[in-house]
Structures are given as structure tokens and as C-alpha cells.
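Asks: Got a sequence here, can you build the structure:
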Amino acid sequence: MENFFRFNSRRISFLIIILACLGLALRLVGLTKGIWLDEFSSIAKISQGDLIANLRGYDHPPLYFVFLKLWYLVNTSEPFLRLFSVIWGVGTIIVVIKWIEGYSPLAGIISGICCAFMPAMLRFSQEIRGYSLLLFATALSFYFASQIAKNPNKRSYYIGLTAGLTAAVATHLVGVMLLPTIFLFLLLSMPSRQKHHLLTFILHLVIPSVAFIVEYYFFMPPGVRARTAETWWMPPVTGDRIGEVGAYLVGLPSIDWSFSVFEKFSVAAAFSAAAFLCLMFAIFAGSVLAGNWRRSYPLLIAALCYCVLVIGYSIFKVPIFGVRPLLPALIPLIGFMGVQVATIKIPKIQIASIGALLVISMNITFAWITDKAWIPVEHTQDMAKTLQLWKHPHDTVMFYPFYFAGPIRYYYPDLPVEDEIGINIWTIPKETERIKRIFQETSPSIVFLVARCDPETENYQYIRRLLISEIGPETLVQGDNSLTITRYRKTKKDPSAQKKVRVNKLLLAK
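Replies: Numbers count the residues shown, from 1 in each chain. Down below sits the predicted model:
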């Protein structure tokens with residue numbers, strides 16, 4: 001089948017350039033979608049106060065933020081900050097192609113298509129977080145591990161692998177799980193006659209291991225380390241959650257998008273489009289099974305190994321299972337799919353598989369350009385504009401919790417500090433007394449409650465009741481899932497009515 005496609009070095013280079021350009025073009029769409037809370041925390045760490053002190057007080061390793069700080073010195077706009085992640089995302093596409101190209105040129109191109117168009121790869125190539133750098137470091141580590149398996153005597157490959165793994169563990173704490181994953185991958189990939197080189201490989205794991213120990217046990221203060229070990233803000237692992245995360249990572253939600261688009265024309269068209277896309281996913285997934293497992297199974301085992309480590313840690317220590325921590329598993333999984341499709345021996349099945357992949361990629365592209373690229377994780381930009389439109393001078397704004405003021409202020413920097421009240425959601429009884437004292441001193445007639453929480457939580461309901469009793473009735477200004485703006489306004493009391501109430505009380509007393 002390789003002969004059918006007539007791959008040569010010039011054509012391969014041309015296809016790599018095309019895929020890199022397409023990947024870049026897609027990642028340049030929607031760079032002004034609006035930041036969310038975690039992205040603001042990245043910006044705050046590098047722009048406010050002492051950088052080293054900020055990073056030491058954070059529960060993430062420092063490498064990404066050091067790089068981002070240098071990038072921030074050039075330009076501070078949201079699109080430019082997102083562009084930093086875009087660069088790493090495009091770099092990941094190129095590294096994955098060059099890595100899997102070692103199995104076969106067709107495998108490299110197929111893996112490049114998956115890497116360029118998968119929704120998770122698109123989204124996290126734009127976030128102002130370290131996941132794009134983590135994915136690049138992961139791809140680089142697998143590339144050099146594969147080179148070591150082929151030529152274990154070349155020192156530069158070990159240096160590259162050490163650099164990739166060190167960058168991974170210095171970018172995100174889950175990067176440490178790549179160490180056993182890469183070791184298992186190399187153990188399965190290396191010919192038996194070269195297994196004695198594994199000792200050299202193990203010695204080169206010392207540097208990333210030491211880097212992790214230093215950043216976790218010495219760079220992070222005990223309080224931050226304890227908080228990290230206690231919670232990652234993830235729900236417990238369940239079968240439904242595993243299925244949900246897995247479906248998102250491979251792009252299945254794009255079927256729902258197509259259904260919603262065609263539903264505007266007719267239900268029959270919507271079901272037909274969804275059924276067609278389901279068929280494409282089924283064809284591609286089924287054809288993957290027809291490849292040469294002897295060549296590709298180390299890639300699949302590596303992806304499964306990483307997932308098992310994350311699930312095991314989530315069950316026995318603290319829940320960390322989610323889309324973001326599982327992103328590194330996509331790199332060997334993408335490689336596995338590329339090698340499997342490229343090694344299908346029956347031409348018709350292989351052509352059907354590649355055709356299905358192209359259809360899936362086109363659907364994801366349309367969904368991304370017309371819709372997904374423009375949807376923020378949290379609508380903080382819209383909320384800030386709404387608040388700016390509704391708020392009058394001396395109106396009080398309360399943030400629940402207090403740190404949600406950050407992303408709102410990013411788009412509403414003129415919000416007066418004296419009009420702001422931040423609520424510490426972990427000390428509600430004390431906060432109640434403090435808020436009452438502030439109200440007694442300032443006597444606000446209008447209060448806006450800007451909240452980021454589950455509306456059903458007990459503390460949030462307690463704050464609502466407090467504002468209703470202290471200020472007046474509430475009006476929902478804007479609501480979007482867990483983000484809400486609610487206005488509380490004092491009502492003017494009728495003097496005659498108050499007089500009647502006093503008279504009635506006197507009569508009752510007599």
C-alpha cells in the first residue's frame with residue numbers, strides 16, 4: 001500500500017508542511033474566546049508580585065510559567081499568550097509525524113492527521129496552561145525512546161530523552177508517570193539482543209527523577225504539597241466517567257455537534273448525519289484492529305500503562321482522573337492508530353479506514369471553525385461585560401468565591417476596589433458577620449452577587465438568603481451553568497403602610 005501512495009522524501013516533506021500549516025491555521029481560530037479561571041491563574045502568577053514566590057505557592061511545577069513569563073514580556077494580550085501554546089501544539093504534530101515515520105511514512109502521515117485534528121489536541125493547544133508543553137515533551141520523549149530502541153549506542157538519543165522527560169516532570173506533576181510508561185515502551189520495543197542497554201536507559205532516568213523530587217519535596221512548601229496530595233478537584237473514578245473522558249479524547253462529541261446542526265433542517269437529516277459519522281468512527285476503529293499488532297502493540301501498551309497509573313493513583317490516593325491528566329496517553333495512542341492503519345494488508349480496508357479518518361477530520365474541522373473554537377470554558381468575558389453594563393457607581397459587587405474576581409477584573413479593570421467584597425467560602429459563619437458589618441457601614445442599595453459554583457450548594461444558598469434579608473429581593477441578571485450574576489435591590493418602603501403597621505401593632509398590644 002505504501003507503493004500505492006508513492007511516498008518519497010519530497011512528498012513526505014510536503015505533506016508534513018501541509019499538516020503543520022493546517023494544524024496551525026486551526027489553532028489560530030478563536031484565540032480571543034475569553035480566559036477562564038485556571039487561565040487567569042497562569043497570567044496572575046507571572047504578572048503579579050514575585051515570580052519565584054508565586055510559583056512556590058502554586059501546585060504546579062514551574063517550567064511552563066518561566067517560559068510564559070519570557071513570552072509575556074513581549075506582549076500581554078490574550079491572543080499572544082495563547083499563541084505560546086499554539087507553537088508547542090504545532091511542534092507536537094511535527095514530532096509525532098517524524099517519530100511514527102520511523103515505522104512507515106504512511107503511519108507518520110496518519111498519526112499527523114490525528115494529531116492535527118483531534119478535538120482535545122486542538123483545544124489544549126490554545127489554553128494558557130502547560131498542557132501543550134506537556135504534550136510536546138511527551139512526544140519528544142517517545143521519539144527519542146524509539147530512536148534508542150533502534151540504535152542504543154548513540155549518546156545524543158539518551159540526552160534527548162532525558163531532556164524530554166525532565167521537561168515533562170517540570171511542567172506537570174503527572175509527568176512523573178511517563179517514566180515507567182517510557183521504560184515499559186522501550187522494554188517492549190527493544191530487540192532481545194540489545195536489552196543489556198536498558199541499564200544505560202535507567203541511569204538516564206535519574207535526572208528527571210531528581211528533578212521531580214526537587215520540585216515536589218523542596219521547591220513546593222509543605223502546605224502546598226499537602227493541599228496537592230489532598231485534592232486535585234477531580235470527581236471519583238467511575239465507569240461512566242472513564243467512558244465520558246475516553247469519548248471526549250477520541251472526538252466522539254463531534255457527532256452530537258453534527259446532529260444539532262442538521263436538526264435545524266429536519267430530524268431525519270440529523271439522524272442520518274449522526275448515523276453516517278457513527279459509521280465512520282466504526283469503520284476507522286474496526287480497521288485499526290486489522291493492522292500488524294506485532295509492530296504496534298508497544299504503543300498501545302504504553303498508552304494503557306499511563307492510563308492505569310492515573311486510575312490507580314485516583315483510586316488509592318486522590319482522584320486525578322480527568323481529561324487533562326490523561327492527555328499524555330493520547331501521544332502513544334495516536335501512534336498506535338497510525339501504525340495499525342498503515343500496516344493493514346488488504347488495500348480496500350486500508351483505503352476505507354483512511355477515508356473514514358478524513359471524513360471524521362473534516363467534520364471536526366467544521367465543528368471547530370464554526371462553533372467549538374469560539375466557545376470559552378467559562379463565559380467570564382461576557383459576564384464582565386454584563387456587569388459593566390448593569391453596574392452603577394457605588395453599587396456593591398460580591399464575588400463568590402473571592403478568587404473569581406480575577407478573571408472578571410481581567411475584562412473589567414475599572415471596577416472600583418472599594419465597591420468589591422470577596423467571599424471566603426470556607427469560613428461562611430465568620431464571613432456572614434463581616435458582610436453584615438460592611439453593609440451597616442456602607443448601606444448599599446444595590447448588590448451584585450457574581451458566583452462561580454454549583455447553585456445548589458448549601459453555602460451559596462446561605463449567602464443568597466443573607467442578601468435577601470439584608471438588601472432585598474433578587475433578580476437573575478445572567479446565568480450560565482455554574483456562573484451567575486444576581487442583583488439584590490432595596491425596595492422603597494411606603495411611609496403610609498409603615499404607619500398602618502405601627503397602628504395595628506399598638507392596637508394588638510392593647
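Asks: All the helices of the stretch 401-510 of the chain, residue numbers only.
Replies: Ranges of helices in the stretch 401-510 of the chain, per DSSP state H, counting those that start in this stretch, are 405-411, 428-442, 458-470, 495-509.
Asks: How far off centre is the shortest one?
Replies: Spelled out, that is helix 405-411. 20 Å (CA atoms, centre = their mean, to the nearest Å).
Asks: same thing with the second one?
Replies: Using CA atoms, centre = their mean, the mean C-alpha position of helix 428-442 is found 37 Å from that of the whole chain.
Asks: Show me the helices in the stretch 251-400 of the chain, by range?
Replies: Under the criterion DSSP H, counting those that start in this stretch, helices of the stretch 251-400 of the chain are mapped to 253-262, 267-288, 293-316, 323-326, 330-342, 347-370, 380-390.
Asks: average pLDDT across the first one?
Replies: Confidence over helix 253-262 (mean pLDDT, whole number) is 91.
Asks: do the fourth one as well
Replies: Predicted confidence along helix 323-326 averages 96 (mean pLDDT).
Asks: can you pull the buried residues of it?
Replies: 324-326 (16 or more other CB atoms under 10 Å). Quick note: C-beta positions are derived from backbone N, CA and C, even for glycine.
Asks: so how many other residues sit close to residue 251?
Replies: 22 (other CB atoms under 10 Å).
Asks: try residue 430
Replies: Considering only other CB under 10 Å, residue 430 is surrounded by 10 other residues.
Asks: Quick one: residues contacting the nearest residue to it once chain neighbours are set aside.
Replies: Once flanking residues are discounted, residue 430 sits nearest to residue 424: 7.8 Å by CB to CB, 6 or more residues apart in numbering. Neighbour list for residue 424: 401-402, 430-431 [criterion: CB atoms under 8 Å, 6 or more residues apart in numbering].
Asks: Which of these are buried? Put it as a ChimeraX command.
Replies: The ChimeraX command for the buried members of the contacts of residue 424 (criterion: 16+ other CB under 10 Å) is given here:
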select :401,431
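Asks: Mind picking the two most distant members of the contacts of residue 424?
Replies: Pairwise distances across the contacts of residue 424 peak at 14.2 Å for 401 and 430 (criterion: CB to CB).
Asks: Which among the helices of the stretch 401-510 of the chain is found nearest to residue 224?
Replies: helix 405-411 (18.6 Å).
Asks: now whichever strand or helix holds residue 202: mean pLDDT?
Replies: Using DSSP states H and E, residue 202 maps to helix 198-203. Averaging pLDDT along helix 198-203 gives 86.
Asks: For it, which residues meet the burial criterion?
Replies: residue 201.
Asks: For it, name the packing helices and strands.
Replies: Contact analysis of helix 198-203 by 3 or more CB pairs under 8 Å, 6 or more residues apart in numbering; DSSP states H and E lists helix 155-169, helix 178-189 as its packing neighbours.
Asks: and the shortest one, what does it pack onto?
Replies: Packing contacts for helix 178-189, counted by 3+ CB pairs under 8 Å, 6+ apart, involve helix 131-150, helix 155-169, helix 198-203, helix 293-316.
Asks: Return the most buried member of these.
Replies: Compared across these, helix 131-150 shows the largest average neighbour count, a mean of 26 (mean count of other CB atoms under 10 Å).
Asks: With just CA atoms, put that helix into CSV.
Replies: Output in CSV follows, covering the C-alpha atoms of helix 131-150 (Å, rounded to 0.1, in the frame of the first residue of the first chain):
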residue,chain,number,x,y,z
TYR,A,131,-0.7,21.0,28.8
SER,A,132,0.5,21.9,25.3
LEU,A,133,4.1,21.9,26.5
LEU,A,134,3.5,18.7,28.4
LEU,A,135,2.2,17.0,25.2
PHE,A,136,5.3,18.3,23.2
ALA,A,137,7.6,16.9,25.9
THR,A,138,5.7,13.6,25.8
ALA,A,139,6.0,13.3,22.1
LEU,A,140,9.7,14.2,22.3
SER,A,141,10.3,11.5,24.9
PHE,A,142,8.6,8.8,22.8
TYR,A,143,10.6,9.9,19.7
PHE,A,144,13.9,9.6,21.4
ALA,A,145,12.9,6.3,23.2
SER,A,146,12.1,4.8,19.7
GLN,A,147,15.5,6.0,18.4
ILE,A,148,17.2,4.3,21.4
ALA,A,149,15.4,1.1,20.6
LYS,A,150,16.8,1.2,17.1
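Asks: Packing partners of that helix?
Replies: Packed next to helix 131-150, using 3+ CB pairs under 8 Å, 6+ apart, are helix 63-72, helix 78-100, helix 155-169, helix 178-189, helix 330-342.
Asks: Output those in CSV, with distance to residue 277 appended to each entry.
Replies: Listed next are the helices and strands packed on helix 131-150 as CSV, based on distance: least, CB to CB, whole Å:
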stretch, distance to residue 277
helix 63-72, 35
helix 78-100, 23
helix 155-169, 34
helix 178-189, 32
helix 330-342, 17
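Asks: Ok, which of the ones you listed comes nearest residue 56?
Replies: Among the helices and strands packed on helix 131-150, helix 63-72 comes nearest to residue 56, with 11.1 Å by CB to CB.
Asks: pLDDT on that closest one, on average?
Replies: Helix 63-72 comes out with an average pLDDT of 97.
Asks: Kindly report the same for stretch 106-119.
Replies: The average pLDDT for stretch 106-119 rounds to 96.
Asks: Any stretches of the protein with poor pLDDT?
Replies: Counting by pLDDT under 70, the ranges of the chain that qualify are 1-8, 492-510.
Asks: Where do the domain boundaries of it fall?
Replies: 2-31+39-371, 380-489 (automatic domain parsing).
Asks: for the ones you listed, which one ends up most surrounded?
Replies: Stretch with highest mean neighbour count among those: domain 2-31+39-371 (a mean of 18; mean count of other CB under 10 Å).
Asks: tell me how far that one is from the chain's mean position?
Replies: With CA atoms, centre = their mean as the basis, domain 2-31+39-371 stands 12 Å off its chain's centre.
Asks: For the residue nearest to residue 488 when sequence neighbours are not counted, what are phi and psi?
Replies: Among residues not flanking residue 488 along the chain, residue 471 sits closest, at 4.1 Å (CB to CB, 6+ apart). Note on residue 471: its backbone torsions stand at phi -110, psi -60 [degrees, to the nearest 10].
Asks: Could you pull up the residues touching residue 471?
Replies: Residue 471 touches 439, 444-447, 488-490, counting by CB under 8 Å, 6+ apart.
Asks: Would you check which pair of the residues you listed lies furthest apart?
Replies: Maximum distance among the contacts of residue 471 (CB to CB): 13.5 Å, for 439 and 489.
Asks: now what about the helix or strand hosting residue 226, what contacts it?
Replies: In the assignment (DSSP H and E), residue 226 maps to helix 222-230. For helix 222-230, contacts defined as CB under 8 Å, 6+ apart pick out 56-59, 173, 216-217, 220, 317-318.
Asks: what's the next secondary structure element after it?
Replies: helix 239-250.
Asks: For that following helix, which outside residues touch it?
Replies: If you take CB under 8 Å, 6+ apart as the criterion, helix 239-250 is touched by 118-120, 235, 253, 311, 321-323, 326-327, 329-330.
Asks: try 6 Å this time
Replies: Contacts of helix 239-250 from elsewhere in the structure, counted by CB atoms under 6 Å, 6 or more residues apart in numbering, are 120, 323.
Asks: Okay then, goodbye and thanks.
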